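Participant: next come a sequence and a model predicted from it.
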Amino acid sequence: RFEIGGVVIPALAEHVVDTQLATTLGREGFSVRTVEHLLATLHGAGIDNVDVSVQGDEIPILDGCGAEWLEHLDRVGFVEQERPVREFVIERIIEVRDGDRWARIEPAPGFELDITIDFDHPSVGKQHLAFQFDPNTFSSEIAWARTFGFERLVPAMQRLGLVRGGSLENALVFGSEGPLNEGGVRSADEPVRHKMLDALGDLALLGHPICGRLIAERPGHGIVFHLLKK
Ligand code: ZN
């Protein structure tokens, strides 16, 4: 749960108020933007009971992925609690479509993500990745994959008042010739790994760990949210 201005906002899909570019939770006139990377890190680290106090209206972007959050969580530590965790077991296929985007969740023996992205840019293109998650998958495969964007879209986003805190320190930015960041990409498929991170964060809004497989093509925050609602 998030606490802001004395109002508690449970981290559940029913409190999602916006999914443009990032996921925003809101309740009783208060809102918290960009919750997905923190939620992804908590979800990926298996932490499912936490109070987050927020000053301002946005979760810090930090390094644009889950790596720095993971370091902070490691420093703080966690406590194992007595009550058992209730898993949300997927027993039938649930699917949502929006043009050429779609997402489906289906029965599986554990928690699995299977994500495909397709961007019309030579440095990204079509990327596909699938994992069955174990406790180490998040830190080894996902946490370090940064949020990404395209240089040609930055001016339009800034006109909308978005990405004001965006920089090469917290985002992977592709120019027409390739990544503008010093050092380039951390892996050729860093973008699809970041989409997995976002999906993990949004799926945390179900409120329970999931036993099932999410398959998604060109997912965004909106479509995962619609899937959760369905
Ligand atoms: Zn993201």
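Facilitator: Cool, got the structure.
Participant: OK, contacts around the residue nearest in space to the middle of the chain?
Facilitator: Residue closest to the mean C-alpha point of the chain, counted by C-alpha atoms, centre = their mean, is D198 at 1.7 Å. For D198, the contact set (C-beta atoms under 8 Å, 6 or more residues apart in numbering) comprises E36, H37, A40, P219, H221, V224. C-beta here means a position set from N, CA and C on the backbone, and glycine is covered the same way.
Participant: what number of residues lie near the last one?
Facilitator: I take that to be V224. When neighbours are counted by other C-beta atoms under 10 Å, V224 registers 28.
Participant: for it, give me the pLDDT.
Facilitator: pLDDT for V224: 91.
Participant: hmm, H15 is touching V7, no?
Facilitator: No: H15 lies out of contact with V7 (C-beta atoms under 8 Å); the separation is 10.6 Å.
Participant: ok, those two, which is more surrounded?
Facilitator: Using other C-beta under 10 Å as the criterion, H15 and V7 rank with H15 on top: 18 against 14.
Participant: and the more buried one, how close does it get to T116?
Facilitator: According to C-beta to C-beta, to the nearest Å, H15 and T116 sit 29 Å apart.
Participant: next one: V35
Facilitator: 24 Å.
Participant: who's more crowded, the two?
Facilitator: Neighbours per residue, other C-beta under 10 Å: of V35 and T116, the larger number sits with V35, 26 against 17.
Participant: which secondary structure element of the protein has the lowest mean pLDDT?
Facilitator: When the helices and strands of the chain are scored by mean pLDDT, DSSP states H and E, helix 154-159 comes last with a mean of 75.
Participant: quick one: buried residues of the helix or strand just after it?
Facilitator: Next helix or strand after helix 154-159 toward the C-terminus (DSSP states H and E): strand 172-175. By 16 or more other C-beta atoms under 10 Å, the buried positions in strand 172-175 come out as L172, V173, F174.
Participant: ok, strand 172-175: who's next to it in the sheet?
Facilitator: In the sheet, strand 172-175 lines up against strand 148-150 (parallel), strand 178-179 (antiparallel) (DSSP bridges).
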